[in-house]
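J.: 3D, please:
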Amino acid sequence: LDEEDHLQEQLETLPYIIRCAYPQMNQQIQGLLNPLAVEFRNLISQGSDRENLARVEGNLAWLIYIIGAILGGRLHMCSSTESENLDGDLASSVLQLQDIHNQRLPNLKPTEHSIHLERAFLSFTFQFRHVYVGDKSGVGSLILTRISENLNIQGAEQLMEHVVRKIITNLNYWSDPGVIKQTLEIF
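T.: Numbering: from 1, shown residues only. Okay, here's the model as predicted:
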């Protein structure tokens with residue numbers, strides 16, 4: 001996670017591999033992500049087990065980078081109703097985790113692992129915005145419908161507001177130069 005160029009190189013090939021058997025791979029990813037999300041919520045609410053929190057942040061960072069790569073790779077692949085619904089489920093899960101993470105930022109003392117997690121969220125946000133939100137997207141509304149069902153976010157405008165809030169939140173709470181640079185690169 002420390003070597004951004006090497007990480008991006010590895011992530012570029014994943015969408016092609018994962019989308020070959022996307023329903024099964026999506027199920028595997030959700031099977032890893034969901035228990036980590038529950039553990040992340042619990043550790044944040046307890047606030048005392050820094051060692052386990054660091055482990056969970058590291059594991060979540062990897063999964064979120066992978067999910068961002070999958071969504072970003074969507075432009076290069078054929079899409080179907082099923083794959084867009086699966087994309088919507090993955091995006092919904094990450095957006096929920098991102099909101100939980102953002103809520104703790106006012107009191108967060110950044111660690112190596114929390115910075116990795118934040119950078120993973122930013123990578124996801126960049127990929128997601130590039131493919132699904134904004135004037136460059138050009139993708140149908142299936143994923144938006146799925147996110148609406150899962151998170152009660154209505155339409156592309158509210159998703160864009162979510163992205164803009166992420167940028168504002170980061171500029172308010174982060175001082176890490178890498179996080180600030182990556183935040184500003186979302187657009």
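
J.: and the spatially closest residue to residue 151 that is not a sequence neighbour, how far from residue 162?
T.: Leaving aside its chain neighbours, residue 151 sits nearest to residue 92 (5.3 Å; criterion: Cβ to Cβ, 6 or more residues apart in numbering). All C-beta atoms are positioned from the backbone trio N, CA, C, and that covers glycine. From residue 92 across to residue 162, the span is 11 Å (Cβ to Cβ, to the nearest Å).

J.: then residue 13?
T.: According to Cβ to Cβ, residue 13 and residue 162 sit 29 Å apart.

J.: element containing residue 175, please.
T.: Per DSSP states H and E, residue 175 falls between elements, in no helix or strand.

J.: disregarding flanking residues, what is the spatial nearest neighbour of it?
T.: Counting by Cβ to Cβ, 6+ apart, the residue nearest residue 175 is residue 110, at 7.9 Å.

J.: just give me how far the helix or strand where residue 117 lies sits from the chain centre.
T.: If you go by DSSP H and E, residue 117 is part of helix 112-132. Average the C-alpha atoms of helix 112-132, do the same for its chain, and the two points are 5 Å apart (Cα atoms, centre = their mean, to the nearest Å).
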